[in-house]
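Undergrad: Okay, sequence plus prediction incoming.
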Amino acid sequence: MRGYQIQRFRGNACEIGLYIGKQVKGRFKSIIDHFLKAMERAYGLDFNRLGKEALPWLSKLPEEYQLEVESLAYGSAVKLEKIAQWLYCDRLIFSGCSSFIVFVDGVAWVGRNFDHTGSCLWRNINIIEKEGRIPAVIFGQEGALFSHTGFNYRKLWLHYNHLPAWDMPDSDEKTIPPFVFIRMALENCSNISEVEKLLQTTVRDGGMNLFVVDGKNNTHAVYECTCKGYIKRQSSKPYIAGSNHYTATTMPKGFKNGDKSSVSRMKRMEDLLATMRMEDPYRDFTRILSHPEVEQNLGVSGTVYSNLACPSKSLYYYACNGFPAASKSAFEEVIFP
């Protein structure tokens, strides 16, 4: 039995939201409530703030995505306010995540642990084929329109780890969340240069350690992104790793750059990558992701899903039906219909 499920949706903005909503109708409210309760246990969610800020935040999204969310509410028969809270609450916490890109015989592999809460709620893969856009594949919860992780039909892989940011936008600025940026980039970008142009023309409402791999030519990039700027990291080694702190960016005096866990996870990944013989990428890289000093298990939060991918070979593995996911789930190859 597969640990994940795949769903495909085609159409315009209204139809995408509507079809996803109909797919989860009758259980979507329970899915959201379950997740919000998990958020409360893990992070002490401020429900008053959530109620005041979620809908105004939603109104700042690009119009096409607002339309999708409204259609999702209509199709699922769940109130728009509830869905807005489900989406918005991600901004109120600071999750972990660990990632690397490695080259084996000139071929790029990318691995990531997504650290959050709501174990076994992140077992869904949505294929979104929107009119006039590049088809995108996103990993996450059922009913999701957006994601922290995905790839498109141009063999472009993107994911991000949370980063703290000091250049928060003004309240009246048009902004997009990092998880919406991922969807937007997948649907509009065919290569790394186009992703960088999108970074230049958008303002995000949070920081991100953005990992990009282009499977068409095995090029890659890692960007340390604040809300309004970014720095492209360089590496002289056949690998690059990152977690939740800046390594190449000049920060304001007194700014708190991540935490000890972020530093130790990144160092452990680099140490493992430096000593690994790379004879079996699947075996070697899943061992890194499941290493107890890379994977996180804080009881109520930790690694809820893990990905290993080789975009140039169209190989995608997903671990999502155990907790912590990298060590307690099987890394299953994603077989698309």
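TA: Done, it's in. Numbers count the residues shown, from 1 in each chain.
Undergrad: And whichever strand or helix holds residue 87, what does it pack against?
TA: Counting by DSSP states H and E, the element that carries residue 87 is helix 80-88. Where contact means 3 or more CB pairs under 8 Å, 6 or more residues apart in numbering; DSSP states H and E, helix 80-88 is packed against helix 28-43, helix 47-58, helix 63-76. (Each C-beta comes from the backbone N, C-alpha and C, glycine too.)
Undergrad: what angle separates the second one from helix 63-76?
TA: Following axes from the mean of the first three to the mean of the last three CA atoms, to 10 degrees, one obtains 120 degrees for the angle between helix 47-58 and helix 63-76.
Undergrad: Go ahead and produce CSV holding the CA coordinates of helix 47-58.
TA: What follows is helix 47-58, C-alpha atoms only, in CSV (Å, rounded to 0.1, in the frame of the first residue of the first chain):
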residue,chain,number,x,y,z
PHE,A,47,-6.3,32.2,17.5
ASN,A,48,-7.3,35.8,18.2
ARG,A,49,-4.5,37.0,15.9
LEU,A,50,-5.4,34.3,13.4
GLY,A,51,-9.0,35.5,13.3
LYS,A,52,-8.1,39.1,12.8
GLU,A,53,-5.3,38.8,10.3
ALA,A,54,-6.1,35.8,8.0
LEU,A,55,-8.7,37.3,5.7
PRO,A,56,-6.9,40.7,5.2
TRP,A,57,-3.7,38.7,4.4
LEU,A,58,-5.6,36.6,1.9
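Undergrad: Contact partners for residue 77?
TA: Residues touching residue 77, when contacts are defined by CB atoms under 8 Å, 6 or more residues apart in numbering, comprise 21, 25, 26, 28.
Undergrad: What sits closest to the last one if chain neighbours are left out?
TA: Here the nearest residue to residue 28 in space, its sequence neighbours aside, is residue 76; by CB to CB, 6 or more residues apart in numbering that works out to 4.2 Å.
Undergrad: what's around the one you found, how many residues?
TA: 25 (other CB atoms under 10 Å).
Undergrad: in this protein, which spans are strands?
TA: For the chain, applying DSSP state E gives strands covering 5-11, 98-104, 107-116, 124-130, 136-140, 149-152, 156-163, 207-214, 219-225, 230-232, 239-242, 302-310, 315-319, 332-333.
Undergrad: would JSON lines of those with mean neighbour count and mean pLDDT be doable?
TA: Below are these laid out as JSON lines (neighbours: other CB atoms under 10 Å; pLDDT from 0 to 100):
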{"stretch": "strand 5-11", "mean neighbour count": "15", "mean pLDDT": "97"}
{"stretch": "strand 98-104", "mean neighbour count": "23", "mean pLDDT": "97"}
{"stretch": "strand 107-116", "mean neighbour count": "25", "mean pLDDT": "97"}
{"stretch": "strand 124-130", "mean neighbour count": "21", "mean pLDDT": "98"}
{"stretch": "strand 136-140", "mean neighbour count": "24", "mean pLDDT": "98"}
{"stretch": "strand 149-152", "mean neighbour count": "25", "mean pLDDT": "98"}
{"stretch": "strand 156-163", "mean neighbour count": "26", "mean pLDDT": "97"}
{"stretch": "strand 207-214", "mean neighbour count": "26", "mean pLDDT": "98"}
{"stretch": "strand 219-225", "mean neighbour count": "20", "mean pLDDT": "98"}
{"stretch": "strand 230-232", "mean neighbour count": "16", "mean pLDDT": "97"}
{"stretch": "strand 239-242", "mean neighbour count": "24", "mean pLDDT": "98"}
{"stretch": "strand 302-310", "mean neighbour count": "26", "mean pLDDT": "98"}
{"stretch": "strand 315-319", "mean neighbour count": "22", "mean pLDDT": "98"}
{"stretch": "strand 332-333", "mean neighbour count": "13", "mean pLDDT": "97"}
